[in-house]
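Engineer: Predicted model and sequence below, questions to follow.
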Amino acid sequence: MKRACKGNLPALVFLFALLMLWQLGAMELDAAYILPTPAQIVQKLWELRGPLFTVHLPATMEVTAIGLAISVGLGLALAVAMDRSALIQKMLYPVVVASQTIPTTAIAPLFVLWFGYGIWSKVLVTVLITFFPVTITVYDGLRSANGEMAELLETYGAGRWTVFWKVKAPCALPYFFSAIKMAIPMSIIGAAIGEWLGAQSGLGYFSRRMMTQLDGAGVFAPIVLLSAAAMLLVAAVELLERRLVRWRG
């Protein structure tokens, strides 16, 4: 416990310095509708704790969870398919890359028109943003497998799926966790963008509503919750990674 606190001390000091700089700068500007102080944001979080924690945060986390689950499943399927077949790799890889050139803010309103203000329009935005790092990172992990070890197993009569589970999957596991840690913040961003552009609940929707009221602290309060949720989820994944991928130390 002491070692963990000591290891996080530089980050805590740096964060404290940034918050103090922010506090002083916002006080000097004296325009809370543009840049509220951290103290004002914390106060707003407390004042709005009811709707934020019981309505909007659960709505955003639901979109995030569904979108992330679909993205992980889709990303893994695409990565494995591209690793198994050179033809599929040549067909899919350019499409996967091209999907990330689509302006999210341009396509999200179309999802709202197609699927309405329900959850699925936001989920699609999340999937569009999130599946790419899972696909590419896991694919690179599968390609990094030891070719000589795979060939050795094949000489002993091992099938392609046996080689996959014995050699390629363990090599790709650290890449998979790295992909998840990248995908979590992106999925939260995707959910917030979808809610910002068309929703009836969620932290993105709430932040947009506060902006129309020129409530700077109200705009930042949901953003703080989004950041905190992302950090907690990434920390949980890192803990799971240390338990499952012990050879990384």
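Structural biologist: That came through, no problem.
Engineer: Quick check on residue 33: phi, psi?
Structural biologist: Torsion angles at residue 33 (phi, psi; degrees, to the nearest 10) stand at phi -70, psi -20.
Engineer: you'd agree residue 22 is up against residue 36?
Structural biologist: No: Residue 22 is beyond contact range of residue 36, at 9.5 Å (criterion: CB atoms under 8 Å). Just so you know, the C-beta spots here come from the backbone N, C-alpha and C atoms, and that holds for glycine as well.
Engineer: which residue ranges form the helices in the protein?
Structural biologist: For the chain, the helices defined by DSSP state H cover 2-29, 38-47, 49-51, 57-84, 86-99, 104-115, 119-143, 147-155, 160-163, 169-197, 203-212, 216-244.
Engineer: quick one: which of the ones you listed has the weakest pLDDT on average?
Structural biologist: Lowest mean pLDDT of the helices of the chain: helix 147-155, a mean of 63.
Engineer: quick revisit: neighbour count winner among residue 22 and residue 36?
Structural biologist: Each of residue 22 and residue 36 has its neighbours counted (other CB atoms under 10 Å); residue 36 has more, 23 against 16.
Engineer: and the more buried one, what does it touch?
Structural biologist: Shown in contact with residue 36 (CB atoms under 8 Å, 6 or more residues apart in numbering): 26, 44, 216-217, 220.
Engineer: Kindly recompute the last result at 10 Å.
Structural biologist: The contact partners of residue 36, by CB atoms under 10 Å, 6 or more residues apart in numbering, come to 22, 26, 29, 42-44, 215-221.
Engineer: Pick out whichever of those sits closest to residue 63.
Structural biologist: residue 221 (18.6 Å; CB to CB).
Engineer: so what's that closest one up against?
Structural biologist: Per CB under 10 Å, 6+ apart, neighbours of residue 221: 36, 40-49, 52, 56, 203, 206-207, 210, 215.
Engineer: let's see it at 8 Å
Structural biologist: Contacts of residue 221 (CB under 8 Å, 6+ apart): 41, 44-45, 48, 52, 207, 210.
Engineer: mind checking how far it is from residue 191?
Structural biologist: 17 Å (CB to CB, to the nearest Å).
Engineer: got it, and residue 48?
Structural biologist: 19 Å.
Engineer: Between these two, which has more neighbouring residues?
Structural biologist: Each of residue 48 and residue 191 has its neighbours counted (other CB under 10 Å); residue 191 has more, 32 against 18.
Engineer: hang on, isn't the more buried one packed against residue 119?
Structural biologist: No: here residue 191 does not reach residue 119: they are 9.7 Å apart, not a contact under CB under 8 Å.
Engineer: Pull up the overlap in contacts between the two.
Structural biologist: Counting by CB under 8 Å, 6+ apart, the shared contacts of residue 191 and residue 119 are residue 63.
Engineer: before we move on, back to that, output the contacts of residue 221 as CSV; include the columns distance to residue 170.
Structural biologist: Listed next are those as CSV, based on distance: CB to CB, whole Å:
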residue, distance to residue 170
41, 44
44, 47
45, 43
48, 46
52, 42
207, 42
210, 47
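Engineer: Can you select the buried ones from the residues you listed in PyMOL?
Structural biologist: To isolate the buried ones among these in PyMOL, judged by 16 or more other CB atoms under 10 Å, type:
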select buried, resi 41+44+45+48+52+207+210
